[in-house]
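A.B. asks: sequence and predicted structure, then a few things I'm wondering about:
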Amino acid sequence: MSKTIQAIRGMNDCLPSETNVWQMVESVLRRVVSNYGFAEIRMPIVESTALFKRSIGEVTDIVEKEMYTFDDRNGDSLTLRPEGTASCVRAGNQHGLLYNQEQRLWYMGPMFRHERPQKGRYRQFHQFGVEAFGIATPDIDAEVISLTARLWRELGISDYVTLEINSLGSNEERATYRDALVAFLTERVDQLDEDSKRRMHTNPLRVLDSKNPQVQEALEGAPKLADYFGDESREHFAQVCQRLAAAGINYVINDKLVRGLDYYNRTVFEWVTDSLGAQGTVCAGGRYDGLVEQLGGKTTPAFGFALGIERLVLMLTSLDKAQNVRSQVDAYVIMLGDDISISGNALAEKWRDLVPDIRIQCHCGGGNMKKQMKRADKSGAQIALILGEDEIANQEVTVKYLRGQDEQQSVAFDQIPHLLTTLI
Ligand code: ATP
Ligand code: MG
């Protein structure tokens with residue numbers, strides 16, 4: 001026998017036993033963004049490498065060490081997308097969706113990063129993202145954050161996530177701050193680890209979110225970015241906070257929150273949880289007013305976020321919130337005899353016509369009652385619809401409840417569609 005071939009490390013199959021939770025999550029995500037008037041955009045999975053280098057930043061973790069980059073047969077450098085925002089902006093520019101217009105867009109799909117696989121961190125993972133273009137005012141920041149808060153409510157996990165927000169100010173304010181921070185870090189350089197020493201020169205703000213306690217200690221008394229804000233940045237952030245408070249959304253200001261991608265300015269936010277271990281961020285985003293221009297378009301303000309679907313699914317399962325997910329089958333039709341199965345299949349077709357959202361599985365392959373009941377149970381159906389000679393003669397179905405304590409009963413053929421609607 002030849003050796004079996006395995007999937008690539010960090011790239012997972014989503015098995016039938018898991019897809020129903022995924023489908024439930026995806027349908028909640030789709031429904032909630034449509035509640036806010038967002039439209040779907042679909043982008044290719046492969047883009048020019050230059051797109052990500054120019055947008056995410058040459059000295060970020062993603063571009064330095066995580067991208068799946070390869071030369072295609074023409075010798076062009078291509079990359080499997082590590083995130084969606086860059087592609088979305090590229091598409092918006094290319095098709096003239098952004099200039100002088102407002103766009104509220106969402107996307108969903110696989111992303112690729114060559115990271116060390118562990119719980120909640122994979123090499124192929126799935127993001128759901130939202131991008132709002134053309135609005136510079138803080139109302140959209142608060143509106144999009146409210147949308148994320150609604151997602152958690154709809155999924156039943158509001159009690160397990162915390163909103164952290166910060167402002168990164170404008171590019172000019174950040175540049176002045178950067179100098180002050182580098183001066184501060186230079187004086188304490190021997191207290192920094194190798195990573196932070198390197199970042200001090202390439203991307204000093206990222207030193208702020210170092211996970212190393214010794215580095216955090218060295219940061220004691222470091223200059224604060226907010227002290228470098230002008231009136232506009234200060235006012236923008238104050239407005240976001242005020243609007244969140246008015247909407248009843250609790251938040252924590254985390255002045256060390258800087259995000260790992262270079263394109264952000266002003267508002268940034270993350271939703272974090274402690275129910276996932278080390279991979280605590282489920283959703284992250286912010287404002288990126290410079291990116292559209294940086295990628296060759298006309299200056300266009302923008303605000304967006306992305307969430308990791310695997311982390312949401314993990315949270316839902318570990319918190320037992322995935323219990324009530326509808327199974328793939330609602331009703332299983334048991335048919336005792338070949339002739340019976342011909343009329344049984346015809347009946348099932350009629351029920352599917354009458355109750356379009358029903359999920360009916362018909363037994364195939366024959367067998368006695370015991371064998372068919374076993375399959376019915378395994379299918380996850382709530383009821384078995386049993387058809388034998390007597391049932392066909394009397395124009396009724398014996399209904400057996402597979403979950404719970406309800407008594408078996410006979411139901412007339414014409415009452416079955418009504419019974420089926422109660423299962424949806
Ligand atoms: P982290 O700090 O966990 O590395 P990140 O800052 O790199 O996250 P973003 O680029 O902001 O993450 O992506 C947004 C979301 O996508 C994250 O909050 C997370 O839920 C999810 N995500 C990012 N990388 C991975 C991964 N390798 N595997 C699974 N989910 C991921
Ligand atoms: Mg990361």
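C.D. replies: Nice, thanks for sending it over. Ligands and ions are numbered 1, 2, ... in the order given.
A.B. asks: C-alpha from now on. contacts and neighbour counts both.
C.D. replies: OK.
A.B. asks: just the CA trace of stretch 298-317, in CSV.
C.D. replies: Included here for stretch 298-317 are C-alpha records, laid out as CSV according to Å, rounded to 0.1, in the frame of the first residue of the first chain:
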residue,chain,number,x,y,z
LYS,A,298,-6.3,59.6,-4.2
THR,A,299,-6.3,60.4,-0.5
THR,A,300,-9.2,58.5,1.0
PRO,A,301,-9.9,58.1,4.8
ALA,A,302,-10.6,54.5,5.8
PHE,A,303,-11.5,52.5,8.9
GLY,A,304,-11.7,48.7,9.2
PHE,A,305,-11.0,45.5,11.1
ALA,A,306,-10.4,41.8,10.7
LEU,A,307,-11.4,38.9,13.0
GLY,A,308,-10.0,35.4,13.1
ILE,A,309,-12.8,32.9,12.5
GLU,A,310,-10.8,29.9,14.0
ARG,A,311,-10.4,31.8,17.2
LEU,A,312,-14.1,32.5,17.3
VAL,A,313,-15.0,28.9,16.7
LEU,A,314,-12.5,27.8,19.4
MET,A,315,-14.1,30.2,21.8
LEU,A,316,-17.6,29.1,21.1
THR,A,317,-16.7,25.4,21.5
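A.B. asks: that stretch vs ligand 1: in contact?
C.D. replies: Yes - legend: contact between stretch 298-317 and ligand 1 by CA under 6 Å from any ligand atom is shown at 306, 307, 308, 311.
A.B. asks: can you report phi and psi for the residue of the stretch 1-150 of the chain found nearest ligand 1?
C.D. replies: Proximity of the stretch 1-150 of the chain to ligand 1 (CA to the nearest ligand atom) peaks at residue 121, 3.4 Å away. Backbone torsions of residue 121, given as degrees, to the nearest 10, read phi -140, psi 120.
A.B. asks: quick check: it vs residue 30, distance?
C.D. replies: As judged by CA to CA, to the nearest Å, residue 121 and residue 30 stand 23 Å apart.
A.B. asks: now swap in residue 162 and tell me
C.D. replies: 22 Å.
A.B. asks: which residues of the stretch 301-424 of the chain lie near ligand 1?
C.D. replies: Residues of the stretch 301-424 of the chain lying near ligand 1 by CA under 6 Å from any ligand atom: 306, 307, 308, 311.
A.B. asks: now with 5 Å?
C.D. replies: For the stretch 301-424 of the chain, the residues in contact with ligand 1 (CA under 5 Å from any ligand atom) are 306, 307, 308.
A.B. asks: what's the nearest residue to the second one if we skip its chain neighbours?
C.D. replies: Meaning residue 307. residue 283 (4.0 Å; CA to CA, 6 or more residues apart in numbering).
A.B. asks: kindly report the same for the last one.
C.D. replies: Distance criterion CA to CA, 6+ apart; nearest residue to residue 308, sequence neighbours excluded, is residue 127 at 4.7 Å.
A.B. asks: go on, the first one?
C.D. replies: Taking CA to CA, 6+ apart, and ignoring the residues beside it in sequence, residue 306 has residue 129 as its nearest neighbour in space, at 4.0 Å.
A.B. asks: what pLDDT does that neighbour get?
C.D. replies: Looking at residue 129, its pLDDT is 98.
A.B. asks: which is the next helix or strand following the host helix or strand of it?
C.D. replies: When elements are assigned from DSSP states H and E, residue 129 belongs to strand 124-133. For strand 124-133, the succeeding helix or strand toward the C-terminus, using DSSP H and E, is helix 138-155.
A.B. asks: and that following helix with strand 124-133, angle?
C.D. replies: Angle, helix 138-155 to strand 124-133, by axes from the mean of the first three to the mean of the last three CA atoms, to 10 degrees: 140 degrees.
A.B. asks: do helix 138-155 and ligand 1 meet?
C.D. replies: No - contact of helix 138-155 with ligand 1 (CA under 5 Å from any ligand atom) is absent, the minimum separation being 12.4 Å.
A.B. asks: report the distance from that helix to the chain centre.
C.D. replies: 14 Å (CA atoms, centre = their mean, to the nearest Å).
A.B. asks: element containing the residue nearest to residue 316 when sequence neighbours are not counted?
C.D. replies: Nearest residue to residue 316, sequence neighbours excluded (CA to CA, 6+ apart): residue 322, at 5.5 Å. Using DSSP H and E, residue 322 sits in no helix or strand.
A.B. asks: correct me, but residue 322 touches residue 312?
C.D. replies: No - at 10.7 Å, residue 322 does not count as touching residue 312 under the criterion of CA atoms under 8 Å.
A.B. asks: for the strand holding residue 129, packing partners?
C.D. replies: Contact here means 3 or more CA pairs under 8 Å, 6 or more residues apart in numbering; DSSP states H and E; on that basis strand 124-133 packs against strand 103-112, strand 302-308, helix 309-318.
A.B. asks: what does that strand rub up against?
C.D. replies: Applying CA atoms under 8 Å, 6 or more residues apart in numbering, the external contacts of strand 124-133 come out as 10-12, 29, 83-85, 98, 101-113, 140, 300-310.
A.B. asks: with stretch 149-164 instead?
C.D. replies: 25, 28-29, 32, 249-254, 257, 269-275, 316, 321.
A.B. asks: how about stretch 324-339?
C.D. replies: When contacts are defined by CA under 8 Å, 6+ apart, stretch 324-339 is touched by residues 20-21, 24, 341, 344, 348, 358-363, 366-369, 372-373, 376, 379-389, 420, 423-424.
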